[in-house]
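Engineer: What follows is a predicted protein model with its sequence.
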Amino acid sequence: MNRRLLFLLPLATLALMAGFFAWSLLAGRDPASIGSVLVGRPAPRLEVKALRDDEPPLTDALLRTGKPTIVNFFASWCTPCLAEHPLFTRLATRDGAVIVGVAWKNKPPEARAWLKRLGDPYKFAGADLDGRTGLDWGLSGVPETYLVDGQGIVRRHFRGPITERDVNETILPFLKGAK
Amino acid sequence: MRTVAVLLATLLLAWPALAVEPSEMLQDPSLESRARDIGRSLRCVVCQNQSIDDSNAEVARDMRRAVRERLTAGDDDQKVFAYMVARYGDYVLLKPPFKAGTWALWLGGPLVLIVAGGLLLMAARRRKPIPPPVPLSDEEQRRLDALLKP
């Protein structure tokens, strides 16, 4: 073996590492992402009390209406939820999206007051006070958002607040395509 | 001296604090100890490298409660792990399973050891033995004797 080639080894190692770092930065790799096992599977059980007074509890039937549905877990104590809230308002009013909101570990009066103050984009709203439903949905915190198609299959799971870009690139095409 | 001993004893007595609260624990000590074993192997989903027993996160508390509920319902340990994996994926397992996506993780370390060990062994075999020292010439011996003379 040519000994001189051996001197290229550190350089090759450096190039390999630089390539990996460049790919990590540019391809949007997120090592903190924990992924979701729900995508492509039927939505977990949805069985929560209604958040608003005098409304029937939420059931699985809401997710199998033949129309795509957005399920959003939120809480009034959660700041990122505040940040994404206007996007849901617009999705509901301008785009006619059916949005199911679930207040996670949030006292119903506080969640109701929050929605009263900011506007209520949820066609159906439930309260998951003890986080049991959240666990069934593989929730790691709030906010998290699921796109469920008309047959009740989860098509997308956003951990963290949705952004304008998510709306334009994923949510709007989903609402149009799945109809 | 005594102060040092007392401080040392205090240090040794300080167990790592668990996040498990007394109100969460099960009455049955054998079930509770199984819950602890499981809790130590389940990863909190919002804190990267803490087990759910070590984490104070809301979701970790919910997961501890779910583990205890499953155990009380009569599930064996495998079923409890399967319950969590069905919701959070393999990510929740602090010890990842051996499968197509993780073989590099499991075999990488031993592989590096074998390759590096093999290379070292080959290098060691190839090395020429050190030749025995050349005996001193007469001239050198005479100079040495002269130097060593008292």
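Structural biologist: Noted; the coordinates are in hand. None of these values were measured; they are calculated from a predicted model. Residues are numbered from 1 along each chain as shown, chains lettered A, B, ... in the order given.
Engineer: how far does stretch A:142-156 stretch from start to finish?
Structural biologist: 16 Å (C-alpha to C-alpha, to the nearest Å).
Engineer: Let me see the contact set for residue 43.
Structural biologist: This is for chain A. Taking C-beta atoms under 8 Å, 6 or more residues apart in numbering or on different chains, we find residue A:43 in contact with A:60, A:63, A:71, A:137, A:146, A:148, A:152-154. Placement of C-beta: from N, CA and C, glycine included.
Engineer: meant chain B actually
Structural biologist: B:49-52, B:91-94.
Engineer: Among the contacts of residue A:43, which ones are in strands?
Structural biologist: Using DSSP state E, the members of the contacts of residue A:43 that fall within strands are A:71, A:146, A:148, A:154.
Engineer: near chain A, from the contacts of residue B:43?
Structural biologist: residue B:91 (C-beta under 8 Å from any C-beta of the partner chain).
Engineer: How about residue A:45, nearest residue that isn't a chain neighbour?
Structural biologist: residue A:136 (5.8 Å; C-beta to C-beta, 6 or more residues apart in numbering or on different chains).
Engineer: Please work out how many residues are found near the one you found.
Structural biologist: A count of neighbours around residue A:136, defined by other C-beta atoms under 10 Å in any protein chain shown, yields 19.
Engineer: my read: it touches residue B:88, true?
Structural biologist: No. Look at residue A:136 against residue B:88 with C-beta atoms under 8 Å: they stay out of range, at 11.0 Å.
Engineer: what about residue 112, how many neighbours?
Structural biologist: This is for chain A. 19.
Engineer: try again with chain B
Structural biologist: With other C-beta under 10 Å as criterion, residue B:112 counts 10.
Engineer: Can you say which helix or strand has it in it?
Structural biologist: Secondary structure from DSSP states H and E places residue B:112 in helix B:103-126.
Engineer: From the rest of the structure, what touches the following helix or strand past that helix?
Structural biologist: With elements assigned by DSSP H and E, the helix or strand that comes after helix B:103-126 is helix B:138-148. Residues outside helix B:138-148 that contact it (C-beta under 8 Å, 6+ apart): residue B:136.
Engineer: could I have helix B:138-148 exported to CSV, CA atoms only?
Structural biologist: Taking Å, rounded to 0.1, in the frame of the first residue of the first chain, the C-alpha atoms of helix B:138-148 are listed here in CSV:
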residue,chain,number,x,y,z
ASP,B,138,38.4,-2.8,22.4
GLU,B,139,38.9,0.9,22.1
GLU,B,140,35.5,1.7,23.7
GLN,B,141,36.0,-0.9,26.4
ARG,B,142,39.3,0.8,27.3
ARG,B,143,37.7,4.2,27.5
LEU,B,144,34.9,2.9,29.7
ASP,B,145,37.3,1.3,32.0
ALA,B,146,39.3,4.5,32.3
LEU,B,147,36.1,6.4,33.1
LEU,B,148,35.0,4.0,35.7
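Engineer: what does the domain assignment say about chain B?
Structural biologist: For chain B, automatic domain parsing gives the domain ranges B:1-97, B:100-128.
Engineer: For the longest one, measure first residue to last.
Structural biologist: Right, domain B:1-97. 50 Å.
Engineer: Averaged pLDDT, that domain. What do you get?
Structural biologist: For domain B:1-97, the mean pLDDT works out to 89.
Engineer: hmm, back to that, report the buried residues of the helix holding residue B:112.
Structural biologist: Residues of helix B:103-126 classed as buried: none (neighbour count, 16 or more other C-beta atoms under 10 Å in any protein chain shown).
Engineer: One more: stretch B:76-92?
Structural biologist: Neighbour count says stretch B:76-92 has B:80-81, B:83-85, B:87-92 buried, by 16+ other C-beta under 10 Å.
Engineer: Please flag which of those residues sit within helices.
Structural biologist: B:80-81, B:83-85, B:87-88 (DSSP state H).
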